[in-house]
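*Asks:* Here's my sequence, what's the structure:
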Amino acid sequence: MDKFEFKIIPFDSPDYWNLVRLREIILRLPLFKRFVWDDLMQEKEELIMGLFDGDKIIGCMQFMIKGHTYKMRQVAIKQTYQSKGAGTQLLQHAEAHIKTLGGEKIYCHARDTAVNFYKKNGYTIKGEMFYEVGIEHYLMEKTLV
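*Replies:* Below you'll find the predicted structure:
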């Protein structure tokens, strides 16, 4: 498994705009959606993280924070890096960083296609399947110890 560089990404930085493009390609365009300015402006207060291969962004995720609970969202790994450990590295770095900030729990609305990935990384399903952006999702969470 390759070793990639983990970074905290400041909102509105050049790296941020590169990860917005990555998210749009992987998460939005397949659903015939695009980002609008109001969507992105809400991200100013979020914790945004990226994974890099050299100077190229290959993965990202971000978190909405309420107290000691972090909602993970907008997780994307460039297709050529999927199933090669990049997502696991990003998730492990993110969890370790969140622990240093006093985070106690992470949860997400996982797409059906990502449930096994999260299960392999210690997340559990809470409740029934639901639809979000027109596709199946599950609430999944993990307590950080």
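*Asks:* contacts and neighbour counts: CA atoms only from here.
*Replies:* Noted.
*Asks:* three-state assignment of residue 51?
*Replies:* The three-state label given to residue 51 by DSSP: H, G, I helix; E, B strand; the rest coil is strand.
*Asks:* Beyond the strand or helix carrying residue 95, next helix or strand please.
*Replies:* If you go by DSSP states H and E, residue 95 is part of helix 86-100. Scanning forward in sequence from helix 86-100 by DSSP H and E, the next helix or strand is strand 105-111.
*Asks:* So for the following helix or strand past that next one, mean pLDDT?
*Replies:* Proceeding N to C from strand 105-111, the next assigned helix or strand is helix 115-120, under DSSP H and E. Helix 115-120 comes out with an average pLDDT of 96.
*Asks:* Pull out the buried residues from helix 115-120.
*Replies:* 115, 118 (16 or more other C-alpha atoms under 10 Å).
*Asks:* and it, what other elements does it pack with?
*Replies:* The contact analysis (3 or more C-alpha pairs under 8 Å, 6 or more residues apart in numbering; DSSP states H and E) places helix 115-120 against no helix or strand.
*Asks:* how about stretch 7-27: buried residues?
*Replies:* Counting neighbours by 16+ other C-alpha under 10 Å, one finds that the buried residues in stretch 7-27 are 7-9, 11, 15-16, 19-20, 22-27.
*Asks:* Of those, which is the nearest to residue 114?
*Replies:* residue 27 (12.3 Å; C-alpha to C-alpha).
*Asks:* For the closest one, which non-adjacent residue is closest in space?
*Replies:* residue 76 (7.0 Å; C-alpha to C-alpha, 6 or more residues apart in numbering).
*Asks:* Direction included, what does the longest strand that the chain contains pair against?
*Replies:* The residue-count maximum for a strand in the chain (DSSP state E) belongs to strand 56-66. Strand 56-66 pairs in its sheet with strand 47-53 (antiparallel), strand 69-77 (antiparallel), by DSSP bridges.
*Asks:* out of these, nearest to residue 37?
*Replies:* Nearest to residue 37, of the strands paired with strand 56-66 and by C-alpha to C-alpha, is strand 69-77 at 15.9 Å.
*Asks:* now the closest one, how far from the centre of its chain.
*Replies:* Taking the mean of its C-alpha atoms, strand 69-77 sits 3 Å from the chain's own mean (C-alpha atoms, centre = their mean, to the nearest Å).
*Asks:* That concludes my questions; thank you for your assistance.
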